[in-house]
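A predicted structure for the sequence below; I have some questions about it.
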Amino acid sequence: MRVLLTGAAGSIGQVLTLGLADRGHEVVGLDRVPRPDAIDVRWHVADCADPDAVHAVFEEQPLDAVVHAAGLPDEASLPDSLTSHVVTTAALLDAAVAHDVRRVVYAGSNHAVGRTPRLGAEVLGVEARPRPDTFYGVAKVAAEALLSLYVDRYDLDAVSCRIGSFGPRPESVRELATWLSPDDCVRMVDACLTAPAPGFAVVHGISANTRAWWDLQPGRDLGYEPLDDAEEFAAAVAAGPDDAAEVAVVGGPFAGEGFHRPALDRLDP
Ligand SMILES: NC(=O)c1ccc[n+]([C@@H]2O[C@H](COP(=O)([O-])OP(=O)(O)OC[C@H]3O[C@@H](n4cnc5c(N)ncnc54)[C@H](O)[C@@H]3O)[C@@H](O)[C@H]2O)c1
């Protein structure tokens, strides 16, 4: 497939650029920043929040799918979060509809349900009610709602991957449950691109972690078979003073008081 990958210069984006190409996809990169030297694909510098710039990118070449991994991966003010996650998703969806691009895969987040208490031994399903832990999480919920609306209106296929903790290895006790390895990230996105007719779907973006809190079955239903397990790194993960609080709710540290702040930045606070 020819796939427009947004955020292609980012940590997830660079892994996906190389990994999806290895799996036979033709990746077209888009980012606000220029193409990194390590990446050798067709590249567009554009802001996904600018609908004209996004439409211009879609005009440049036919596309089969969009993987939307551009966005601020952290907490910000409510308007900045909405712009980064909802407005960008809207611009891409409008362009996809206008150019008959039928498949969208989204880098969603566990923080859409981050205030959900842990369920003991039971794993969390993707049908859990939206329960964000931050304005970032609110924006991820709204971006998923927008995907759902466009699937219903225009009969697209759109999958939100609620990513846990992406990185080369788990760095904390919480991440022994929430880790997504780079290789599994590629497997997951490839499955979401190629699954037959998923409609609107949500999958949990984690590896096959022994301590996983989130149900992997929705991903497996789409063909995502994770092969890595954070447990392999458990002996190297040191206990931390905040471990108990971090595993009490889905969103870990994002649910803590350190993230409480007004929704709107004021010029004269
Ligand atoms: N890293 C994680 O563990 C994790 C977990 C859950 C969700 N996510 C989501 O995955 C996505 C990518 O995260 P990441 O860790 O790779 O972040 P990152 O900051 O490493 O990369 C994001 C990339 O997107 C680009 N970008 C940001 N806003 C843009 C815009 N408006 N238009 C064009 N490009 C823009 C940046 O320049 C950057 O290259 C984000 O949406 C994030 O919320 C990440």
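Nice, thanks for sending it over. Please read these numbers as outputs of a predicted model, since none were measured by experiment.

ok, which stretches of the stretch 151-269 of the chain are helices?
175-178, 182-194, 217-221, 243-246 (DSSP state H, counting those that start in this stretch).

ok, residues contacting the last one?
Surrounding helix 243-246, the residues in contact under the criterion C-beta atoms under 8 Å, 6 or more residues apart in numbering are 172, 173, 174, 240, 252, 253, 256. C-beta: built from backbone N, CA, C; applies to glycine.

one step back: lowest average pLDDT across the helices of the stretch 151-269 of the chain?
Between the helices of the stretch 151-269 of the chain, the lowest average pLDDT goes to helix 243-246, which shows a mean of 88.

buried stuff in it?
Neighbour-count burial for helix 243-246, with 16 or more other C-beta atoms under 10 Å as criterion, is recorded at residue 246.

what do you get for stretch 127-144?
For stretch 127-144, by 16+ other C-beta under 10 Å, it's 128, 131-144.

which two among those residues are spaced furthest apart?
Spatial extent of the buried residues of stretch 127-144 (C-beta to C-beta) is set by the pair 128 and 135 at 19.3 Å.

let me know which of the helices of the stretch 151-269 of the chain is tucked in deepest.
Highest mean neighbour count among the helices of the stretch 151-269 of the chain (mean count of other C-beta atoms under 10 Å): helix 175-178, with a mean of 24.

let me have the helices of the stretch 151-269 of the chain in a markdown table, extended by distance to residue 151.
Putting the helices of the stretch 151-269 of the chain into a markdown table (distance: least, C-beta to C-beta, whole Å) gives the following:
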| stretch | distance to residue 151 |
| --- | --- |
| helix 175-178 | 27 |
| helix 182-194 | 13 |
| helix 217-221 | 15 |
| helix 243-246 | 34 |
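
and whichever residue of the chain sits closest to the ligand, what does it touch?
Across the chain, the shortest distance to the ligand (C-beta to the nearest ligand atom) belongs to residue 10, at 2.0 Å. Taking C-beta under 8 Å, 6+ apart as the criterion, residue 10 is in contact with 31, 69, 70, 73.

looks like residue 185 contacts residue 15 (just checking).
Yes. Between residue 185 and residue 15 a contact is recorded at 6.0 Å, counting by C-beta atoms under 8 Å.

follow-up on the earlier one: quick check: the farthest pair among the contacts of helix 243-246?
Counting by C-beta to C-beta, the most remote pair of those is 173 and 256, 15.1 Å apart.

look at these two and report which has more neighbours.
It is residue 173, of residue 173 and residue 256, that has more neighbours when counted by other C-beta atoms under 10 Å, with 19 against 15.

roughly how far apart are the nearest residue to the more buried one once chain neighbours are set aside and residue 177?
Nearest in space to residue 173, with sequence neighbours left out and distances taken as C-beta to C-beta, 6 or more residues apart in numbering, is residue 243 at 4.4 Å. Going from residue 243 to residue 177 by C-beta to C-beta, to the nearest Å gives 11 Å.

how about residue 123?
Counting by C-beta to C-beta, the gap from residue 123 to residue 177 is 10 Å.

what residues are shared contacts of these two?
212, 213.

how far off centre is the helix or strand harbouring residue 142?
Assignment of secondary structure by DSSP states H and E places residue 142 within helix 135-154. On the basis of C-alpha atoms, centre = their mean, to the nearest Å, helix 135-154 sits 12 Å off its chain's mean C-alpha point.

quick one: mean pLDDT for it?
Rounded mean pLDDT across helix 135-154 is 98.

hmm, back to that, now, of the contacts of residue 10, which are buried?
31, 69, 70, 73.

let me know the closest of these to residue 84.
Using C-beta to C-beta, these come closest to residue 84 at residue 70, 8.1 Å.

OK, contacts around that closest one?
By C-beta under 8 Å, 6+ apart, the neighbours of residue 70 are 6, 7, 10, 13, 30, 31, 32, 48, 88.

for it, which non-adjacent residue is closest in space?
residue 7 (3.4 Å).
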